[in-house]
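Novice: Give me a 3D structure for the following:
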Amino acid sequence: MTAVCSPTRAALLTGRNQHRVGFGSVAEFPGPFPGYTAAKPRSCAGLPRILKENGYVTGGFGKWHLTPNNVQGAAGPFDHWPKSWGFDHWWGFLSGAAGQYDPIITQDDAVIGVPTESKDGGQYYFPDDITDKAVEWLHGVRAQDAQKPWFMFYSTGCAHAPHHVPKEWADKYEGRFDDGWDALRERTLERQKQLGVVPQDTELTPRPDAFPAWDSLDDASKKLYARQMEVYAGFQENADWNIGRLLDEIEEMGDLDNTLIIFIWGDNGASLEGTITGSFNEMTFLNGLVLDAAQQTALIEKYGGLEALGGDHTAPHIAAAWAHACNAPFQWGKQTASHLGGTRDPMVVAWPSRIKADEVIRSQFTHVIDVGPTILEAAGIPEPETVDGITQEPMDGTSFLYTFDEATAPERHMTQYFEMFATRGMYKDGWWAASRPDRLPWDLSPATLARFGPEGDFDPDRDIGWELYYLPDDFSQAKDIASNHPDKVQELQELWWKEAERNRVLPLMAGFSVIYGILPPLPTQTTFTFAGDVQNVMWGMIPRIFGRSYSIAADLVVPESGAEGVIVAFADFIGGFGLWVDGDGILRHTYSMLGVDTYRQAATSKLPTGDVHVEMLFESTENKPGSGGHVTLLVNDVAVGEGDMPQTVAITFTSYAGMDIGRDNGAVVDLDYEDKAPYAFTGTIKKVVFDLKPAAHEDEKVLHVHDVHQVVAAGVAG
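Specialist: Prediction:
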């Protein structure tokens, strides 16, 4: 794998190294360097397109995360949506994360919105629905053509945060993790040896000092952390069960014997981004809200208690030490391309009519870029030399079809570079060189990132150096032998730079280019108008309200009988804002400070009837992200209510929820109207207008820097 989600998916679906197809970082924010554009070159046609042009019908389902967040709407452009990669049909979500109970679904080239219930009328749950939709598509294909070959990309939202799963799945693991993450690592390695999936002499790498020993924790913390892991495990078992449902249906259709199934569990190592304590809401740490275990527990109790963790009133993430344990026996995890904890995931291959089942583990070095060439070789399809008249860059991957019949065949993928946020790895003939900057995955602070930027005089070879491992003798990278083989270190270091140049990796840290002042043009639009029927505006496209004064105004028509419902709502009650009218006709404004605090203001009298102009005016104390301020509610330009907001969200409310006019889709902003959701406005909304107060030019530049920083930060969490 590549150590982060978007790059892995780009590599998987193109057979090429992630930087060569513009995905050196996540899709949320395109950068100005060739390896970081989040735009696949037309000289690198995707695997679905190749298969489609060779007679296959292609379908994609689930998580995408290859479309920049500023083009995820009705205006497109759609050349980075799934169909442009060659899928005949797409159903799923475009972003890096989604609420499993309330995802914003896209189908083909359209946003179709948030589902409200399951097919049996119960609570909606995305893992069940994605499987149902995949099966329905297969049934439709076979109803038309019993012989046509098909290709399916099935990608669950699991196990990305938020870790949403019905309670009964989490409860299956009650008590299983009470002995903690240190014991889990030891148990995992022992079981891996028993199953034969790792060599018997594999050593358990040490726990980093950044993660506390389980025995050092108090009982309350242990109780919180154990439940986090129960939820996480239940979430993954549910996903596995749904994959089983899909495979069972393929067998029932009679297609299983001649279907090549490549099952890869994850697109990077388990995520360490939950920080030391994990979180009831993963957005808290991104906004600089550091909560200890006791504070986390108090907030969890506020939203239903530990037993409700994983339910629709939570958005949990596990403590980083659990993620590290889930990557046993390796070091580190997601974001860390230098070590196998960030890049090695399990893969299982089945092809009943072609592969004879055996128990021999294939130990040949294999990378995600090898999947595409393997599928093409299995299907007897050559790589195209041109597509749409454009000469194609050859795939970087090496087919591993040769391992299907000969488990011990000599490996053919001999060399592979790795890079993510300046963590670097170089593999060659069993040797692995690793170089990791001293940055924890959840630390995106300006002070930390500045050390690795152009003003920091950062030279990774000089400042970090390299570790060296020989994987045939050291499966887990437990023995750094760099001091014994300086010539090999030098060889791999030079090879890494050569590969970096060839694959458009440079400059290092280009995925954080906006952090270092390389910015898109300063936006000039300050007024944003939305018609009354607009829904599901993706989080990356809402007006840039952070750190400034602004107003939200609406022109309404209130019937003689009065009106109630939502005028505008963004995200939900653990991070979001809404302007709404209650059942008594009172105008209200709700602002959730990530579920930690909720600020509410209300009018002192009910709305009049007829044409009505309402407004929420927020006057910030300063042009600074996170600053507090004063709210005034106005009806027909007359102040009718007010209140203070001591602080505001500094970075982002959400990494997946959207904004709606005239209703509140999905999880609601204010729980006072949850029982009426989506609480559609019963009058008429002519328009809603966001008006951002212009700031002094220097302040605007500072706020612009912040706006682009928040997109990168949220994207890294995705």
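
Novice: only C-alpha atoms for contact and neighbour calcs from this point on.
Specialist: Fine.

Novice: And the chain, what are its domain boundaries?
Specialist: Following the assignment in automatic domain parsing, the chain carries domains at 165-232+272-342, 414-518, 527-717.

Novice: Straight-line length of the second one, end to end?
Specialist: When you say that, I think you mean domain 414-518. Terminal residues of domain 414-518 are spaced 36 Å apart (Cα to Cα, to the nearest Å).

Novice: now the protein, which segments are flagged as low pLDDT?
Specialist: 706, 709-718 (pLDDT under 70).

Novice: ok, now how distant is the residue of the chain positioned farthest from its centre from Ile250?
Specialist: Farthest-out residue of the chain from its mean C-alpha position, per Cα atoms, centre = their mean: Glu560, at 46.5 Å. The gap separating Glu560 from Ile250 is 57 Å, by Cα to Cα.

Novice: do the same with Glu385
Specialist: Glu385 is 33 Å from Ile250, where distance means Cα to Cα.

Novice: got it, and Lys356?
Specialist: 19 Å.

Novice: okay, these two: which has more neighbours?
Specialist: Comparing Lys356 with Ile250 by other Cα atoms under 10 Å, the one with more neighbours is Ile250, at 17 against 10.

Novice: Val360: which of the domains of the chain is closest?
Specialist: Taking Cα to Cα, domain 165-232+272-342 is the member of those nearest to Val360, at 8.5 Å.

Novice: Which stretches in the stretch 351-500 of the chain count as helices?
Specialist: Remark: helices assigned in the stretch 351-500 of the chain by DSSP state H, counting those that start in this stretch are 371-379, 446-450, 460-463, 486-502.

Novice: now those helices as TSV including mean neighbour count and distance to Gln535?
Specialist: Shown next, in TSV, are the helices of the stretch 351-500 of the chain (neighbours: other Cα atoms under 10 Å; distance: least, Cα to Cα, whole Å):
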stretch	mean neighbour count	distance to Gln535
helix 371-379	19	37
helix 446-450	13	35
helix 460-463	12	46
helix 486-502	16	43
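
Novice: Would you mind putting the ones you listed into JSON lines with distance to Asn665 alongside?
Specialist: Shown next, in JSON lines, are the helices of the stretch 351-500 of the chain (distance: least, Cα to Cα, whole Å):
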{"stretch": "helix 371-379", "distance to Asn665": "38"}
{"stretch": "helix 446-450", "distance to Asn665": "35"}
{"stretch": "helix 460-463", "distance to Asn665": "47"}
{"stretch": "helix 486-502", "distance to Asn665": "45"}
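
Novice: Tell me where the stretch 551-700 of the chain has strands.
Specialist: 565-572, 575-581, 586-593, 597-606, 610-620, 629-635, 638-645, 659-661, 684-692 (DSSP state E, counting those that start in this stretch).

Novice: Now do the buried residues in the shortest one.
Specialist: Okay, so that is strand 659-661. Going by neighbour count (16 or more other Cα atoms under 10 Å), the buried part of strand 659-661 is 659-661.

Novice: any residues touching it, and which ones?
Specialist: Strand 659-661 has contacts (Cα atoms under 8 Å, 6 or more residues apart in numbering) with 530-539, 542, 566-571, 688.

Novice: mind redoing it with 7 Å?
Specialist: With Cα atoms under 7 Å, 6 or more residues apart in numbering as the test, strand 659-661 has contacts from 532-538, 567-571.

Novice: and after the lengthiest helix in the chain, which helix or strand comes next?
Specialist: In the chain, assigned by DSSP state H, the helix with the most residues is helix 219-253. Once helix 219-253 ends, the next helix or strand along the chain (criterion: DSSP states H and E) is strand 261-264.

Novice: Given that following strand, what are its sheet partners and their directions?
Specialist: The pairing partners recorded for strand 261-264 under DSSP bridges are strand 347-350 (antiparallel).

Novice: List the buried residues of the strand it pairs with.
Specialist: Buried residues in strand 347-350, counted by 16+ other Cα under 10 Å: Ala350.
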